[in-house]
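Undergrad: need a structure here:
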Amino acid sequence: MIGGEYYLYPELFGKEVKDSFYNFLNNNISHIEYFSTGRDAIFSLVNSLRSKRIWLPNYLCKTIYDPTKETRKEILFYDVDISLSIQDDFINKIEDKDIIYIINYFGIIQKNIYEKLKNKDIIIISDICHSLVNVNKIGYVFKNSDFVVMSLRKIGPFPDGAFLGSNVLKLPSPKNCIREDFSFKRAGAMLSRMYSKMNNFKNDENLEIFEKMEKMLFDTRDYGYKMSYFSINILKRFDFKKVYEKTKNNFNYLKNNILQNNKIKIINKQYLSQFIVLFFNNEIDRDYIKNQLANSEIFSSIHWDMFWMRKEDNISSRILSIRCDFRYSLFDMKFTVERLNMALEKK
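TA: As a prediction, the model looks like this:
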């Protein structure tokens, strides 16, 4: 099976590793604070800033919008086009001290915007959930951001966790202890999922726990919790060098072998991410391919369903994200390409 939640594995309970994710972060970012979730990190940071206004992209996950809204700052939106590039027509509307929240979608570094925002009296927060593995280009983001934020659960086997980083400014610290129920139950579900993987995912009792914990987060408006000690220890044993190499090889195989025709386009082909992102002509074609892949137990994602914004959207109805992260072998990628190309030829 390809897709779905991460699982724990034996190496995460062994010795600390030299090329750990923990060491990578500390070697590249001067100041770091660890939080329970991305929501906790975003709320804590935005709430700590004196700015009265924040600019968000009009294509984003609700988990960014909700904690931002709780800070009661004025929220304004700027446009993102179908290539997931930020449109720059909002720049002349920016006021001094405004906060600009930039998402580097699926490894696509928004260099054009960073360059145009240089020398402005603003605060830049960069979301690097999809782009941290793009290690050859992420340094540019660190250099041109006041803050970076990332949910660790998006990149690896962490029961809980997110971080705020800055090379120039002081960071807020978590105000609350760990989310005990959330982190402990997710850890149990991830351990269960490891055993499920060993049995070809024939028993997925863990899925219900993952869903309940996600619902718990969506229902809360209480933010500021810290990352569990358990997840921080995983961070020190999570070999980021191996993750990068395997993700790069998987990504390159997909981008070089997926059949490209007039039906689809690979949006992030020139970058690197734990997802390869396909863009279709219409929703019908996208849903057909998504269902065909699911029939072969290849579970793709839609980033993101924008129904909650109650607006017409030309991206989420046509986009499809396929996993190519470190969990998967070259055989898995060959299988994915085979099934995807077969479906594309039939359509």
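Undergrad: Would you agree I315 is in contact with D79?
TA: No. In this structure, I315 is not within contact of D79 by CB atoms under 8 Å, at 10.8 Å. For glycine as for every other residue, the C-beta is placed from the backbone atoms N, C-alpha and C.
Undergrad: Compare those two and say which one has the larger neighbour count.
TA: Between I315 and D79, counted using other CB atoms under 10 Å, I315 has the larger neighbour count: 20 against 13.
Undergrad: Please enumerate the helices of this structure.
TA: 21-28, 38-48, 62-70, 111-117, 135-143, 180-198, 206-219, 229-235, 240-257, 283-295, 330-346 (DSSP state H).
Undergrad: Out of those, which is closest to D89?
TA: Closest approach to D89 among the helices of the chain is made by helix 111-117 (10.9 Å; CB to CB).
Undergrad: in terms of contact count, name the helices or strands touching that closest one.
TA: Where contact means 3 or more CB pairs under 8 Å, 6 or more residues apart in numbering; DSSP states H and E, helix 111-117 is packed against strand 99-103, helix 135-143.
Undergrad: quick check: mean pLDDT across that helix?
TA: The average pLDDT for helix 111-117 rounds to 96.
Undergrad: Could you do stretch 141-151 as well?
TA: 97.
Undergrad: For that stretch, buried residues please.
TA: Applying a neighbour-count criterion of 16 or more other CB atoms under 10 Å, one finds 141-142, 144-151 buried in stretch 141-151.
Undergrad: picking that back up, kindly state which of the helices of the chain is positioned closest to Y101.
TA: Y101 lies closest to helix 62-70 among the helices of the chain, at 7.2 Å (CB to CB).
Undergrad: per the record, what domains does the protein have?
TA: For the chain, automatic domain parsing gives the domain ranges 13-177, 240-346.
Undergrad: Which one of the ones you listed lies nearest to I2?
TA: domain 240-346 (4.6 Å).
Undergrad: roughly how far out does that closest one sit from the chain middle?
TA: Distance of domain 240-346 from the chain centroid (CA atoms, centre = their mean, to the nearest Å) equals 15 Å.
Undergrad: For the most centrally placed residue in the chain, list the residues it contacts.
TA: Closest residue to the average C-alpha location of the chain: C129 at 3.3 Å, with CA atoms, centre = their mean. Contacts for C129 were tallied using CB atoms under 8 Å, 6 or more residues apart in numbering; they are 38, 103, 150-151, 154-155.
Undergrad: quick one: buried residues of stretch 330-344?
TA: 332-333, 335-337, 339-340, 343-344.
Undergrad: just stretch 272-289 next, same as before
TA: For stretch 272-289, using 16+ other CB under 10 Å, the buried residues are 272-280, 285-286, 288-289.
Undergrad: do the same with stretch 86-95
TA: 86, 90-91, 94.
Undergrad: need the contact list for the closest residue to Y9 other than its chain neighbours.
TA: Distances taken as CB to CB, 6 or more residues apart in numbering place M194 nearest to Y9, at 5.9 Å, with adjacent residues excluded. Contacts for M194 (CB under 8 Å, 6+ apart) come out as 7-9.
Undergrad: Also N233?
TA: By CB under 8 Å, 6+ apart, the contact list for N233 is empty.
Undergrad: And it, how far from P157?
TA: Taking CB to CB, to the nearest Å as the measure, N233 falls 12 Å from P157.
Undergrad: same thing with I103?
TA: Distance, I103 to P157, by CB to CB: 23 Å.
Undergrad: again, but for K215
TA: Distance from K215 to P157, by CB to CB: 21 Å.
Undergrad: Between those two, tell me which one has more neighbours.
TA: More neighbours surround P157 than the other of K215 and P157, with 23 against 10 (other CB under 10 Å).
Undergrad: how many neighbours does the spatially closest residue to the more buried one that is not a sequence neighbour have?
TA: Leaving out its chain neighbours, the residue that sits closest to P157 by CB to CB, 6+ apart is Y6, at 4.1 Å. By other CB under 10 Å, the residues close to Y6 number 18.
Undergrad: Next up, the contacts around the closest residue to N104 other than its chain neighbours.
TA: Among residues not flanking N104 along the chain, S131 sits closest, at 4.0 Å (CB to CB, 6+ apart). Applying CB under 8 Å, 6+ apart to S131 gives the contacts 104-109, 137-138, 141, 271, 273.
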